[in-house]
Structure formats: structure tokens, C-alpha cells
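>>> Fold the following for me, if possible:
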Amino acid sequence: MYTLIKKTAAAILAAALFLSMAGCVGSGGGELLTAPRTAARYTQLYEQIEKMIDSGAEYAAPTGGSNRQT
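Sure thing, here's the model as predicted:
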């Protein structure tokens, strides 16, 4: 009788593990291969900078500090 309970418990545990692993399959990862979208705030900032440059402003990159490019 004890072995029947033990086998039943093992079968239930195996079924639960199998069903919980089914969620790991996913959709194939196709969405991971798409290019990232530009943030809306960055796009708005870029548009504002372009408007200022078009009106005669001059762009000067930072020459010191943590925001300068290498």
C-alpha cells in the first residue's frame, strides 16, 4: 500500500514538473532579434536640438566632465 502511494506521489510530482516546464518554451525568441526602438523623450530632444541648429545655433560637444565621448 505504501509503495502505491509513493508511486502515485512520484507520478503527480513528475506531471507537475512537466507542466511547469511547458512555460519555458516561449514564442521562439523572434522578438529578441528586433532592433530596439528609440525612446520618445530622446526623439523629442533630438527634434528640439535640430530646430535650434536650423535657427542658427551652433553645436559644441562637451570637452570635459562625465558626458564627453571617448
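
>>> C-alpha from now on. contacts and neighbour counts both.
Will do.

>>> for this protein, what are the low-confidence residue spans?
Along the chain, the model assigns pLDDT under 70 to residues 1, 22-31, 69-70.

>>> Tell me where the longest helix sits in it.
Longest helix of the chain, by residue count under DSSP state H: helix 2-21.

>>> what sits up against that helix?
The contact list for helix 2-21 (C-alpha atoms under 8 Å, 6 or more residues apart in numbering) is empty.

>>> how far out from the middle of the chain is that helix?
35 Å (C-alpha atoms, centre = their mean, to the nearest Å).

>>> And stretch 39-48, by the same measure?
So, by C-alpha atoms, centre = their mean, the centroid of stretch 39-48 is 21 Å from its chain's centroid.

>>> quick one: buried residues of it?
Buried residues in stretch 39-48, counting neighbours by 16 or more other C-alpha atoms under 10 Å, are absent.

>>> Pull it out as PDB, backbone CA atoms only.
Only the C-alpha atoms of stretch 39-48 are listed here, as PDB (Å, rounded to 0.1, in the frame of the first residue of the first chain):
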ATOM      1  CA  ALA A  39      12.800  56.400 -26.600                       C
ATOM      2  CA  ALA A  40      10.200  59.000 -27.200                       C
ATOM      3  CA  ARG A  41      12.000  61.500 -25.000                       C
ATOM      4  CA  TYR A  42      15.200  61.100 -26.900                       C
ATOM      5  CA  THR A  43      13.400  61.700 -30.200                       C
ATOM      6  CA  GLN A  44      11.700  64.800 -28.800                       C
ATOM      7  CA  LEU A  45      15.100  66.100 -27.600                       C
ATOM      8  CA  TYR A  46      16.700  65.400 -30.900                       C
ATOM      9  CA  GLU A  47      14.000  67.300 -32.700                       C
ATOM     10  CA  GLN A  48      14.400  70.300 -30.400                       C
END
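
>>> For this structure, which residue occupies the most central location?
Leu32 (8.0 Å; C-alpha atoms, centre = their mean).

>>> Roughly how far does that residue sit from Ser55?
According to C-alpha to C-alpha, to the nearest Å, Leu32 stands 40 Å off from Ser55.

>>> same deal with Gln48?
Taking C-alpha to C-alpha, one finds Gln48 at 11 Å from Ser55.
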